[in-house]
Each structure stands twice: as C-alpha cells, then as structure tokens.
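Colleague: Coordinates for the following, if possible.
(one chain, ligands or ions: 1)
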Amino acid sequence: MTRSAAIARLLRQWQTGRMTRRELISRLTALGLSMSAITALLSACGGSSSSNQSNSASGTQSTEATAKPSPIARGIPDYVDKTKLAKELNFFNWSDYIEPGLLDEFERIFGVKVTQDTYDSNEDLLAKLQGGATGYDVIVPSDYTVSILIKLNMLEPLDYSVIKSISNIDPNNLKPYYDPENKYSVPYMWGTSGFGYNTEAIKQELSSWKDVFEPQPALQKKIVMLNDEREVIGAALMYLGYSINETSDEALAKAKSVLMQQKPAVLAYTSNNQTDLLVSGEALLAHLWTGNYIQAHNQKSTITYVIPKEGCTVWQDNLCVLKSAPHKYTAMVFIDFLNWPEVNGRNTNYIGYASPNKAAREQKLIDESMLNDPKVYPPQDVWQRLQWIKDIGEATQKFDRLWTEVKTA
Ligand code: N2P
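Modeller: Take a look at the predicted model:
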C-alpha cells in the first residue's frame, strides 16, 4: 500500500465516523505529514484541523482529488452486452477489502451503482446467507467456504464469455482444490494468517504461537485475536502440533484449554479493527491477515509480521455469484472488471494483500515493495508450513460450540 493509499484510507475512516479527528491528525502526523499539509487536507475534506466540527463526508470529491489514484482509462469492452446490464448490483464483501473508489469507477464506466455490505468471517457470511439474506449478487468466500457453498448448491456457474479477464490470473492460483475447474469461483486475493507485533515495545524476536498463547507479562490485555473460529482454534491446534483441520475430541479439548488460558491476556477478538488497535498501541500483538500487516506497517514501520514456526493458514478468497443473485449478468461483468490489471493493481496497492493477478504484477501495477516482501509472498521453504483450512462437515458444530464457550467464558 502506498503512502497516499494509507492517507486515503485514514480519511475514509474519519469520514465514515470510524475515527476521531484527534486520532486522524495523530495518524497523519505519524505518516510524516506536516501540520500545514494536514490542515490543507482536512479543509479540502470539509473539516478543519483545529475546530470541533463533527465528521463530514461532504468533501469526498476534494479528498479523492488529493489522494485518489488515476481513473481507470477504459470503456465498456465490446464483449459486454450493454442491454443486459442492470442499474444496480449488490456486493457482499469482507470489511476493508476493496479500494472504495473502484465502486465509483465501475458506476462511471458501466452505469451500474454498486451497493456494498460487509461481513467479518466466512461463518458470518454463511449464517447470513442461510438465514435467508437475499438480494446479494457477488460474494467473496474463502477456499473452504466455496466448497461448502457448492455443496449447498448456492453458487451460479460463472460465464467466461464475460469474465475474459480470467486470462490475467496466474495459473498457479487457478484450478484450486475447492473448485478444480473454476466453475464457480475466480481468485480475488490470497494471504496468510500469522501475527504482528510492535518491535518498539517488544524487543525480543517472536517466532512461535507460544508467544501468542503463553504470552509474556507485558502482553497482558495487549493481545488481539481474529474474531474467527477456524482461524483461532486452528492456530491453537497448530501450536499443539495438530493439523489445522483436526476434529478429534481430544485435540479440541486441548485447544480449548490453550484458548481459555490465553483469554485473560486478550484485549479483543475482532476482525475489523485489529490493525487500528495495533497501530494505536492499545494492542502490542495481534493475530492478523497479511493485508492487516501491510496496512499497520505502512502507518507504523516498527510493526512486523510473523509466520510462526509451527505454521499458519494460507487462504485464497474468491469472487462468486449467488444462484439467487438478482443481477447475474451484471455480476459477471463486475467480476471481469475486478480482474482488469489496472483495477486489480489499484485495489491491491490499497488493501495490501497478495494478488493472484499475474498481468497486474507483470505490468508493474503493484508496488514493488509489496511484491518483494517475503512476508506477503512467502518463499518456498515457508510454504511447507502453511496449511489450507478445509470443510470439516458435521464437525463444524464442535468448532461452533468450542468457540462460543471460549468467547462467553
Ligand atoms: C479483509 C479480510 C481478509 C480475508 N478484511 C481473509 N480471508
């Protein structure tokens, strides 16, 4: 993520009421902006750096003029049948998982307004869909959740006469175990789930899940874990030397006791403000996805990321269309758009995950610093200790129960 993307993200958080003005100013200062630059930026956003005026979204346009990357210079491709485009599209995505300006770009180019709703975990997505949430067109499930959705017959086969940009995707990311012919899914982003910590506060080098689950006294109430049952229970299982997909009662009982013992040191289980808690210093160590690390590191360079020696999750998130989607054709067009190299480049630089888009990488549309970061694109020897989460069928209920017990204890 570039510095200007980090600035744009902070402004967006402030404008949407997720950050106070005071915090915004301190974050912008930490990014190296002078007070006069901050004053200019805030007044361009309709605010002022010194008044008590409340958050305002009225200046979105000028904010974007200050920090937004260049517009996508392409029109509607000739393989798209304009007469079949709907007026709107409903996108159900993880939080903080798309550069927001790209939704405006899609509307500008195709005349389709995208409404986005967000979720924080695959289980959250599934619960909402199975609970009868309707109207969504495009969703972004991870690997094992694609398996589950295929089994539930909830996905629409993709139309590759429209999603021509599949040709930009690295063959290494195609034909995955959960959808061997990419009948229902196109890779969106991928990454790992390790942990980050602030090297300014924790001087010794951390390298193990032991540092997370049996934390040193300085980490009391300073640890943040993802709010994600497969990730957190999975990490405890790996710490104990089991597979991330282990379901035996014995292993799960041990994992439960690891999590119960760790709990007093945990400040929060969250999957939407782990980056902020780490950057603000309220947390000193956090269970993170790769992009959270990039976002945190860009705001505070002393934050590092660890793929623990016992291993961690590797995952790939995907663009899929629901069988119940009201705007299927437009959904295919949106997926095609998201894989255009210039769109993926802009998106990747902003959200900070590893991109499966080979064309964007080869055309140098992704920041070199990210492409060369072994924490983002792990080297071969690290791959050997990464594990994919798999659908564990009925045993999911054991994970659900264990997770509820830990969270409510
Ligand atoms: C982004 C979520 C990343 C998804 N906030 C991890 N699978």
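Colleague: Now do the residue in the stretch 101-250 of the chain positioned nearest to the ligand: how many residues are near it, please.
Modeller: Nearest residue of the stretch 101-250 of the chain to the ligand: Ser142, at 4.8 Å (CB to the nearest ligand atom). Where C-beta positions appear, they are placed from N, C-alpha and C, glycine not excepted. The local packing of Ser142 (other CB atoms under 10 Å) involves 22 other residues.
Colleague: repeat for Val138
Modeller: Val138: 25 neighbours (other CB under 10 Å).
Colleague: same question, Tyr377
Modeller: Using other CB under 10 Å, Tyr377 has 17 neighbouring residues.
Colleague: quick one on the thing from earlier: what bridges to the residue of the stretch 101-250 of the chain closest to the ligand?
Modeller: Beta-bridge partners recorded for Ser142 (DSSP bridges): Asp317.
Colleague: quick one: it from Gly111, how far?
Modeller: From Ser142 across to Gly111, the span is 31 Å (CB to CB, to the nearest Å).
Colleague: State the pLDDT value of the residue of the stretch 101-250 of the chain closest to the ligand.
Modeller: In this model, Ser142 is scored at 98, pLDDT.
Colleague: wait, isn't it in contact with Asp317?
Modeller: Yes: if you go by CB atoms under 8 Å, Ser142 and Asp317 touch, sitting 5.1 Å apart.
Colleague: Need the overlap of contacts for the two.
Modeller: Common contacts of Ser142 and Asp317 (CB atoms under 8 Å, 6 or more residues apart in numbering): none found.
Colleague: Ile150 belongs to a helix?
Modeller: Yes: under DSSP: H, G, I helix; E, B strand; the rest coil, Ile150 falls within a helix.
Colleague: okay, now it: neighbour count?
Modeller: Neighbour count of Ile150, defined by other CB under 10 Å: 18.
Colleague: That one and Asp179 touch, don't they?
Modeller: Yes: at 6.8 Å, Ile150 counts as touching Asp179 under the criterion of CB under 8 Å.
Colleague: Tell me where the stretch 51-200 of the chain has strands.
Modeller: For the stretch 51-200 of the chain, the strands defined by DSSP state E, counting those that start in this stretch occupy 88-94, 113-119, 138-139, 186-198.
Colleague: For the nearest residue to Asn173 once chain neighbours are set aside, give its distance to the ligand.
Modeller: Closest residue to Asn173 apart from its sequence neighbours, by CB to CB, 6 or more residues apart in numbering: Pro356 at 3.6 Å. Distance of Pro356 to the ligand, computed by CB to the nearest ligand atom, to the nearest Å: 13 Å.
Colleague: Pro356 reaches Asn318, doesn't it?
Modeller: No: the criterion here is CB under 8 Å, and Pro356 misses it with Asn318 at 9.6 Å.
Colleague: That concludes my questions; thank you for your assistance.
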